[in-house]
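sequence plus predicted model, see below.
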Amino acid sequence: MNSTILKIIIRLLISIVFFLMISTVIFTIYTSKTLAIPNGLTLEEEKQWAKNNGVWGNLENYNVEDYTIKCKDDYIINCEFVYNDETAKSNKYVIISHGYNSNRYGAAKYVPVYIELGYNCIIYDLRGHGENEKTFCTIGNYESQDLNKLIDDTYSRYGDDIYLGLHGESMGSSTSLSVLKYNPKIHFVVADCGFADLYELIGKQFEQRKIAFAEPVVDFGIKVRYGYSMKDTSAITAVYGNQIPICFIHGEDDSFITPDNSQRLCEKTAGYSEIHIVPHAEHAQSRAVLGKSEYKKIIENFLSTVTSQED
């Protein structure tokens, strides 16, 4: 092989390597930003979507008080306290956490369920969502620290003697489970279609796209750009040894966060737990498929069991 051909081959190889490096950098930046920066609905868009799909929480029928609280790193989150004349006399409260790319109006679908059970409701925009200042989202890690602050704030506002529980959907479910590692003063959790471990969840998405090899690179990119790792978001680690009662609800046809996530979480927690797999329900659709009355029945029976064990 003469020197001219050798030089051409070397240049070609260098070009290929350079192209692959640039492509990897671009892919890493794009994917890490896509995961970390929510591109969610506005409150009005979420409200309209819920109305179109028959799951709007009819907040117009209740008393609603807006407020804000300061969370991790002094980040401000927007909250709404929702109640009626009957629940105003009650000491029962529930904090409802919405899913990724949603906002507090995405949590509103669960409000009538709890109002009818005598609970005052707190819905709020998770970090980087809704009316909050735009920032990166950790899909459950920093959000669980925010939720822990919100729990403390709820006791401060409404009294140390309140009966407080959590309800979460998807990312909000994993956030509500992840907060358990801080041993908050709560009485129950209802976890609807949550994931067990974020790194595992994203890894499966990458596997389906035949790019599983890219996950460590993307996670490195998230660390560099946003200062956290997807490995830090692990609800299944948080529930280890947990004694707080948990009701798991999951759609049987959920292909995004598969039902085995809730099954494994249910097996891992040490306290009382129960699991309800909803036939024909896709991701975050159990409430819609069951309807308000049947969904409420699950929670009502669960809470009845929990309170009887406390007596």
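Received the coordinates, thanks. Residues are numbered from 1 along each chain as shown.

the strands in the protein, which residues?
63-70, 76-83, 92-97, 120-124, 163-169, 188-192, 246-251, 273-278 (DSSP state E).

what residues does the fourth one touch?
Among residues not part of strand 120-124, those counted as contacts by CB atoms under 8 Å, 6 or more residues apart in numbering are 77-83, 87-88, 90, 92-98, 104-105, 107-108, 110-111, 114-115, 150, 154, 158. Heads up, the C-betas are built off the backbone N, CA and C, glycines and all.

please pick the buried ones from those residues.
Taking 16 or more other CB atoms under 10 Å as the criterion, what is buried in those is 77-83, 87, 90, 92-98, 104-105, 107-108, 110-111, 114-115, 150, 154.

so, low pLDDT: which residues of this protein?
For the chain, the stretches with pLDDT under 70 are 1-2, 5-10, 12-30, 311.

so where do the helices sit in it?
When secondary structure is read from DSSP state H, the chain shows helices at 3-36, 43-52, 104-107, 111-116, 141-158, 171-178, 198-208, 215-226, 235-238, 260-268, 286-310.

return the most buried member of these.
When neighbours are counted by mean count of other CB atoms under 10 Å, the highest per-stretch mean among these falls to helix 171-178, a mean of 32.

alpha carbons of it, as CSV, please.
Output in CSV follows, covering the C-alpha atoms of helix 171-178 (Å, rounded to 0.1, in the frame of the first residue of the first chain):
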residue,chain,number,x,y,z
MET,A,171,-43.9,10.6,38.0
GLY,A,172,-46.1,11.9,40.8
SER,A,173,-46.5,8.3,42.1
SER,A,174,-42.8,7.7,42.1
THR,A,175,-42.2,11.1,43.8
SER,A,176,-44.8,10.1,46.5
LEU,A,177,-42.9,6.9,47.0
SER,A,178,-39.4,8.4,46.9
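
which strands and helices lie in contact with that helix?
Contact analysis of helix 171-178 by 3 or more CB pairs under 8 Å, 6 or more residues apart in numbering; DSSP states H and E lists strand 92-97, helix 141-158, strand 163-169, strand 188-192, helix 235-238 as its packing neighbours.

and Asp260, how far from Tyr158?
Taking CB to CB, to the nearest Å as the criterion, Asp260 is separated from Tyr158 by 37 Å.

cool, Ser32 as well?
Plainly put, Ser32 is 39 Å away from Tyr158 if you go by CB to CB.

residue contacts, Ser102?
Ser102 sits next to 40-41, 46, 129, 169 when contact means CB under 8 Å, 6+ apart.

which one (most neighbours) among those?
Neighbour counts for the contacts of Ser102 were taken using other CB atoms under 10 Å; the highest belongs to Glu169, which has 29 neighbours.

my read: that residue touches Asn103, true?
No. The pair Glu169 / Asn103 is not scored as a contact, 11.9 Å apart, by CB atoms under 8 Å.

and this protein, what are its domain boundaries?
The record assigns the chain these domain ranges, following automatic domain parsing: 1-36+199-227, 42-197+233-310.

the last one spans what distance, first to last residue?
Read it as domain 42-197+233-310. Terminal residues of domain 42-197+233-310 lie 40 Å apart, using CA to CA, to the nearest Å.

so how far is that domain off the chain centroid?
Relative to its parent chain, domain 42-197+233-310 has a centroid offset of 8 Å by CA atoms, centre = their mean, to the nearest Å.
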